[in-house]
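Asks: Quick one, what's the 3D model for this:
(chains A and B)
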Amino acid sequence: GEDVEQSLFLSVREGDSSVINCTYTDSSSTYLYWYKQEPGAGLQLLTYIFSNMDMKQDQRLTVLLNKKDKHLSLRIADTQTGDSAIYFCAESFLMDTGRRALTFGSGTRLQVQP
Amino acid sequence: DAGVTQSPTHLIKTRGQQVTLRCSPKSGHDTVSWYQQALGQGPQFIFQYYEEEERQRGNFPDRFSGHQFPNYSSELNVNALLLGDSALYLCASSLKWDQPQHFGDGTRLSIL
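Replies: Numbers count the residues shown, from 1 in each chain, chains lettered A, B, ... in the order given. Now for the predicted structure:
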């Protein structure tokens, strides 16, 4: 079945760049997503990329997609303490009805040291 | 423009009881999906509603049921609660089924 994997933890210093990696399995994915979850909160949609794209940039966020290796990464430039959170990679997968739902990784906890 | 809203924010129940969670989608969104997030894990897809019908279901037992109303709001019902049902229940809405899903802050359900 569908599987999304992420590393569990990343620690960076304030001002550095953060790179969070993810691998996915569904070759029919149309969209791949990055969500942010702060303690006690729901999921905030950060950015997404269509599977026919290689890269997408949105202010401090850069998403890179390697379709051959089914590898997705999220780069956060000039990481701030407010970026400390859990980041989830998600792929939309095709179900029997032809509709799509999301499969999530277990999340990467980003800790930003001041 | 209100985002996805869920109620209640927290709920404590005992084993065997039944619970109803509520969700109002983001304005303009017609599709509602429900997810269960156990502690330390990513969300898992429960089911999706569109045009007041369950359109797709994940790997969850029939104890989990739902409803969508004409105004697109939705309810998640869980019967015969088990300790393992303790989790954060997230509602997500989208315009159609293949557009980005926006999440609410969830309902934290604790089973004693």
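
Asks: For A:Asp83, give me phi and psi.
Replies: phi -80, psi -10 (degrees, to the nearest 10).

Asks: From A:Ala90, how far out is it?
Replies: Using Cβ to Cβ, to the nearest Å, we find A:Asp83 at a distance of 19 Å from A:Ala90. Quick note: C-beta positions are derived from backbone N, CA and C, even for glycine.

Asks: Which one's more surrounded, these two?
Replies: A:Ala90 (27 against 18; other Cβ atoms under 10 Å in any protein chain shown).

Asks: Pretty sure that one sits in a strand.
Replies: Yes: according to DSSP: H, G, I helix; E, B strand; the rest coil, A:Ala90 belongs to a strand.

Asks: looking at the sheet around it, what are its partners?
Replies: The partner list for A:Ala90 in beta bridges (DSSP bridges) reads A:Tyr33, A:Phe104.

Asks: so who does it touch?
Replies: A:Val4, A:Leu32, A:Tyr33, A:Trp34, A:Tyr35, A:Leu102, A:Thr103, A:Phe104, A:Gly105, B:Gly42 (Cβ atoms under 8 Å, 6 or more residues apart in numbering or on different chains).

Asks: how about 6 Å then?
Replies: A:Tyr33, A:Leu102, A:Phe104 (Cβ atoms under 6 Å, 6 or more residues apart in numbering or on different chains).

Asks: Can the worst-scoring helix or strand of chain B on mean pLDDT be said to contact chain A?
Replies: Ranked by mean pLDDT, DSSP states H and E, the weakest helix or strand in chain B is strand B:53-57, scoring a mean of 90. Yes: using Cβ under 6 Å from any Cβ of the partner chain, strand B:53-57 comes into contact with chain A via B:Arg55, B:Gln56.

Asks: what about the residue of chain A found nearest chain B, distance to B:Ala38?
Replies: In chain A, the residue found nearest to chain B is A:Phe104; the distance is 3.3 Å by Cβ to the nearest Cβ. In this view, A:Phe104 and B:Ala38 are 12 Å apart by Cβ to Cβ.
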